[in-house]
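> here you go, sequence then predicted model.
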Amino acid sequence: MTEQNGFKYSILASGSTGNSFYLETPKKKILVDAGLSGKKIESLLSEIDRDIHDIDALLITHEHSDHIKGIGVLARKYGIDLYANEDTWSELDSKNALGKIPVEQKHLFEMGKTMTFGDIDIESFGVSHDAIAPQFYRFMKDNKSFVMLTDTGYVSDRMRGTIENADAYLMESNHDIEILRMGAYPWRTKQRILSDQGHLSNEDGAEAAFSIHGNKTKRIFLGHLSLNNNIKELAHLTMDGYLQQHDVDTKKDLKILDTSHEHASQLYDI
């Protein structure tokens with residue numbers, strides 16, 4: 001029996017109300033973030049016929065509640081090893097954001113480093129967001145890669161160099177600028193979202209996706225959509241229109257896929 005090439009993944013939840021990502025190889029099962037209740041994370045895993053008991057590691061991107069809400073409960077209940085950079089750990093500990101976690105379950109994954117988990121390499125990279133030291137991840141195995149990129153106000157040249165030409169992306173399409181500007185949020189909150197340390201708009205996400213996609217890129221998932229400041233169809237149309245205007249065939253060469261804040265995507269092969 002030959003070993004599986006590449007890996008499998010599911011976007012368990014993506015949105016302003018909670019985020020979690022699942023990835024598996026023949027040797028490892030990994031979560032990134034758990035920004036919903038522990039019970040909801042278990043339910044999302046069951047949607048793709050996976051069991052929380054089998055998770056080997058949980059990677060933390062940053063300390064905002066929509067990324068960490070269920071982590072403490074899951075870590076204590078199932079003994080899952082947690083990974084975050086030193087500054088993020090300091091922030092989580094100072095605010096007791098996860099509750100009491102046994103020290104042997106807390107591990108360092110420093111920004112800009114690559115760690116090997118069994119048969120997969122994972123590279124962390126910094127983003128521009130109003131957290132202490134936010135970082136996202138590129139997953140690499142058998143010359144295949146998947147990149148998570150949400151929670152950033154812009155995409156720098158340095159980030160582009162790290163994440164270009166992946167096979168698939170989870171790309172932020174957080175808000176429509178006009179809906180945000182006309183909406184009920186306080187002006188200070190609007191300024192935060194629109195800033196270089198906020199979130200990518202639909203247009204920003206489309207521009208970034210075009211700049212980093214390559215001949216290997218087959219899927220772009222639209223992630224971290226705001227419930228209040230975006231419409232799924234609008235985010236999709238914006239990405240599709242921008243890529244088509246720049247001669248990317250979104251019917252044949254590359255597929256744009258939606259995500260949900262309530263239900264897991266199917267389990268994809270890469």
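It's in.
> and the helices in the protein, which stretches?
For the chain, the helices defined by DSSP state H cover 38-47, 65-68, 71-78, 86-94, 157-163, 177-182, 187-194, 202-212, 232-245.
> can you add distance to N143 and mean neighbour count and give these back as CSV?
Quick note: C-beta positions are derived from backbone N, CA and C, even for glycine. Formatted as CSV, those follow (distance: least, CB to CB, whole Å; neighbours: other CB atoms under 10 Å):
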stretch, distance to N143, mean neighbour count
helix 38-47, 28, 18
helix 65-68, 29, 20
helix 71-78, 31, 19
helix 86-94, 30, 17
helix 157-163, 16, 15
helix 177-182, 38, 14
helix 187-194, 37, 14
helix 202-212, 17, 22
helix 232-245, 24, 17
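> got a markdown table for those helices, with mean pLDDT and distance to H261 too?
Converted to a markdown table, these look like this (pLDDT from 0 to 100; distance: least, CB to CB, whole Å):
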| stretch | mean pLDDT | distance to H261 |
| --- | --- | --- |
| helix 38-47 | 98 | 10 |
| helix 65-68 | 98 | 9 |
| helix 71-78 | 98 | 18 |
| helix 86-94 | 98 | 23 |
| helix 157-163 | 97 | 24 |
| helix 177-182 | 98 | 17 |
| helix 187-194 | 98 | 17 |
| helix 202-212 | 98 | 16 |
| helix 232-245 | 98 | 10 |
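> closest to F136 out of those helices?
Nearest of these to F136, taken as CB to CB: helix 157-163 at 8.5 Å.
> hmm, who's touching that closest one?
123, 125-127, 138, 147, 149, 152, 169, 211-212 (CB atoms under 8 Å, 6 or more residues apart in numbering).
> using TSV, please lay out the helices of the chain together with distance to R219.
Converted to TSV, those look like this (distance: least, CB to CB, whole Å):
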stretch	distance to R219
helix 38-47	19
helix 65-68	22
helix 71-78	27
helix 86-94	28
helix 157-163	14
helix 177-182	25
helix 187-194	26
helix 202-212	11
helix 232-245	12
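> to L58, which of those lies closest?
Nearest to L58 among the helices of the chain is helix 71-78; the distance by CB to CB comes to 6.4 Å.
> the contacts of helix 157-163, buried ones only, as a PyMOL selection?
Listed next is the PyMOL selection for buried residues among the contacts of helix 157-163, using 16 or more other CB atoms under 10 Å:
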select buried, resi 123+125+126+127+138+147+149+152+169+212
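> quick one: which of the contacts of helix 157-163 is nearest T259?
For those, the minimum distance to T259 (CB to CB) is 11.6 Å, reached by Y169.
> what separation do you get for the closest one and F125?
Y169 is 13 Å from F125, where distance means CB to CB, to the nearest Å.
> ok, now K255?
Distance of K255 to F125, computed by CB to CB: 24 Å.
> and F139, by the same measure?
12 Å.
> could you do R158 as well?
Separation of R158 from F125 (CB to CB): 8 Å.
> over to L82?
Per CB to CB, L82 is found 19 Å from F125.
> how about T238?
Distance from T238 to F125, by CB to CB: 25 Å.
> ok, how many other residues are close to G99?
Counted by other CB atoms under 10 Å, the residues lying close to G99 total 11.
> so it touches K77, yeah?
No. Using CB atoms under 8 Å, G99 is not in contact with K77, being 11.3 Å away.
> among the helices of the chain, single out whichever gets nearest to Y268.
It's helix 38-47; of the helices of the chain, that one is closest to Y268 (CB to CB) at 13.7 Å.
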